[in-house]
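Colleague: no FASTA, just this:
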């Protein structure tokens, strides 16, 4: 007797760890792309570094309190970003301030982790990512965060762009640059929280900057640059994962290496085109 065929469950494909990793990498790329453009335009790489390093302290606190790692990383990353933003507006030297806070936050986070008792923690996975261990629940968090960041950037795109290009012009158009800075701060904290599982605290800024810098070489408008950054980030995620799978290399660093290679290719292509 022939048994009737049951329709395949579309969620079954997410039982494959590599498929989950691919979707996680693409989700992070989509979240980081538009924000990465503003990080490049505003030269805020160190700002992102301080926020990402602070997330390790958030991970330690969340495990100690028994709350979601995402919630802990988001809370501490947001607190760090707001602290840096507010202190820089009060006349503190930005470079020095970011250097102190970035390394201090990472050091305090690592020390806090050492005090955790009865908790198994793979610290390397939070420093360099563990994308192959992403669960279905992690995927939901990553894509929800990516959707929120993309929506936020699309909603405030023109205001953010104007305040980035010229603060005086922003004031003249009724735009408050400080408010736009706070929106960027919130978006950055969300990206850090969703990306820490994928590429780790030490490589998050690379995924923000490298695809955006590569897209900048060939883009003719800010919007094209944002779309190009998303495409390069997604390509780096897929290529890095494939390289990691076949070469047995760490997934997070492999993704960043592919992104760096794409940056070189785009830069050379732009120079050839200009000649």
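Modeller: Good, I have the coordinates. Not measured: the values here are computed from a predicted model.
Colleague: any idea how far residue 206 is from the residue lying closest to residue 79 once chain neighbours are set aside?
Modeller: Nearest residue to residue 79, sequence neighbours excluded (C-beta to C-beta, 6 or more residues apart in numbering): residue 54, at 7.4 Å. All C-beta atoms are positioned from the backbone trio N, CA, C, and that covers glycine. Taking C-beta to C-beta, to the nearest Å as the measure, residue 54 falls 17 Å from residue 206.
Colleague: ok, the two, which is more surrounded?
Modeller: A count of neighbours by other C-beta atoms under 10 Å puts residue 54 above the other of residue 54 and residue 206, at 29 against 25.
Colleague: SS state for that one?
Modeller: helix (DSSP: H, G, I helix; E, B strand; the rest coil).
Colleague: let's have the chain start at 791 instead
Modeller: Happy to do that; since the first residue is 791 now, the last one works out to residue 844.
Colleague: Thought residue 900 was touching it, still the case?
Modeller: No: between residue 844 and residue 900 there is no contact under C-beta atoms under 8 Å: 11.9 Å.
Colleague: The stretch 891-1040 of the chain: helices as residue ranges?
Modeller: 913-918, 926-945, 947-955, 957-962, 967-985, 994-1006, 1012-1037 (DSSP state H, counting those that start in this stretch).
Colleague: Please identify which of these is closest to residue 867.
Modeller: Closest to residue 867 of those is helix 967-985 (C-beta to C-beta; 4.2 Å).
Colleague: what's the angle from that closest one to helix 947-955?
Modeller: Here the directions of helix 967-985 and helix 947-955 differ by 110 degrees (axes from the mean of the first three to the mean of the last three C-alpha atoms, to 10 degrees).
Colleague: so what's residue 889 up against?
Modeller: Going by C-beta atoms under 8 Å, 6 or more residues apart in numbering, residue 889 touches residue 836.
Colleague: ok now the host helix or strand of it, how far from the chain's centre?
Modeller: When elements are assigned from DSSP states H and E, residue 889 belongs to helix 884-904. Its chain's average C-alpha position is 18 Å from that of helix 884-904, according to C-alpha atoms, centre = their mean, to the nearest Å.
Colleague: List the buried residues of it.
Modeller: Buried residues in helix 884-904, defined by neighbour count with 16 or more other C-beta atoms under 10 Å: 884, 887, 888, 891, 892, 895, 896, 899, 902, 903.
Colleague: which ones are touching the fifth one?
Modeller: Taking C-beta under 8 Å, 6+ apart as the definition of contact, the neighbours of residue 892 are 836, 839, 840, 843.
Colleague: With adjacent residues omitted, what lies nearest to the third one?
Modeller: What it means is residue 840. Sequence neighbours aside, residue 892 is the residue nearest to residue 840 in space, at 3.8 Å (criterion: C-beta to C-beta, 6+ apart).
Colleague: tell me the pLDDT at that neighbour?
Modeller: In this prediction, residue 892 carries a pLDDT score of 78.
Colleague: And for residue 794?
Modeller: For residue 794, pLDDT reads 48.
Colleague: Reformat the helices of the stretch 891-1040 of the chain as TSV; add mean pLDDT.
Modeller: Conversion of the helices of the stretch 891-1040 of the chain to TSV gives the following (pLDDT from 0 to 100):
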stretch	mean pLDDT
helix 913-918	78
helix 926-945	90
helix 947-955	90
helix 957-962	87
helix 967-985	87
helix 994-1006	91
helix 1012-1037	92
